[in-house]
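Trainee: mind folding the following:
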Amino acid sequence: MATFKGTYYYSLDPKGRIMIPAPLREVFFTKYNNSKLYITNAPFDKCLHAYPVGEWDLLEEKLRAAPKSDEAVQFFMRRVIAAAVECELDKQGRIMIPYELRENAISSSEIVIAGLVDRLEIWDKARWKETIDPARVDRKILEPRLASFGI
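Mentor: Next up, the predicted model:
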C-alpha cells in the first residue's frame, strides 16, 4: 500500500509555492485518487501538516465524535481546523502555502517535506534539523514507549 515516506529538501519560491516531490505526488494519485489536500498548522510543533482529502475527512469524523467542551479538543479545533486551507497540486506538482501559514511555521526559503505515512509535514530546514536531533530526546523514556507500540 502506498504511503507517504521520505525526507525531501526544497526551496519555497517567491510566490510561496513548494514543489511536492514526485514520490509523494504519486501517493496522492494512486492511493487517494485526488490532487487536493488540506494544509494547516501542526498542533504542537512550528511546522505545517498537509493531509490528503481522505485523511482529512477521517480526522474530521474523529473530531465530530470528540467532546467539544474538552480543552484539548478546543485547542486542536482552534489551532488546526480553523487554520486549514484546501489546496490543489498544480500541473507542475506545486502547492501554494498561504501567507498566514508560512508566517507561522517557515522562517526561511529552505524547507523540508517529510512523509509521515498518512500526511506530510513541512518544516523550516533549520527547525527540522533541531527537531530530529537525537540529543534533544530522552532515549530512556522514548525507547520503552516505542517498544510498547511494537516499534
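Trainee: so where is the protein shaky, pLDDT-wise?
Mentor: 1 (pLDDT under 70).
Trainee: got a list of what the residue positioned nearest the centre of it touches?
Mentor: Centroid check for the chain by C-alpha atoms, centre = their mean gives residue 49 as the closest residue, at 2.0 Å. Listed by C-beta atoms under 8 Å, 6 or more residues apart in numbering, the contact set of residue 49 reads 39, 40, 41, 42, 80, 119, 120, 121, 122. Yep, even glycine has a C-beta here, placed from its N, CA and C like the rest.
Trainee: show me what contacts residue 102?
Mentor: 12, 16.
Trainee: what is the distance between stretch 46-66 and the centre of its chain?
Mentor: In terms of C-alpha atoms, centre = their mean, to the nearest Å, the centre of stretch 46-66 is found 10 Å from the chain centre.
Trainee: which residues of the chain fall in helices?
Mentor: 22-30, 53-65, 71-76, 99-105, 125-131, 139-148 (DSSP state H).
Trainee: which one of the ones you listed lies nearest to residue 86?
Mentor: Ranking those by distance to residue 86, with C-beta to C-beta as the measure, places helix 53-65 first at 8.0 Å.
Trainee: export that closest one as CSV, just CAs?
Mentor: Extracted as CSV, the C-alpha positions of helix 53-65 are listed here (Å, rounded to 0.1, in the frame of the first residue of the first chain):
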residue,chain,number,x,y,z
VAL,A,53,-8.6,14.9,1.5
GLY,A,54,-9.4,11.3,2.5
GLU,A,55,-7.2,11.5,5.7
TRP,A,56,-8.7,15.0,6.4
ASP,A,57,-12.2,13.5,6.3
LEU,A,58,-11.2,10.8,8.8
LEU,A,59,-9.8,13.5,11.1
GLU,A,60,-13.0,15.5,10.9
GLU,A,61,-15.0,12.3,11.8
LYS,A,62,-12.9,11.8,14.9
LEU,A,63,-13.4,15.5,15.9
ARG,A,64,-17.2,15.3,15.4
ALA,A,65,-17.3,12.5,18.0
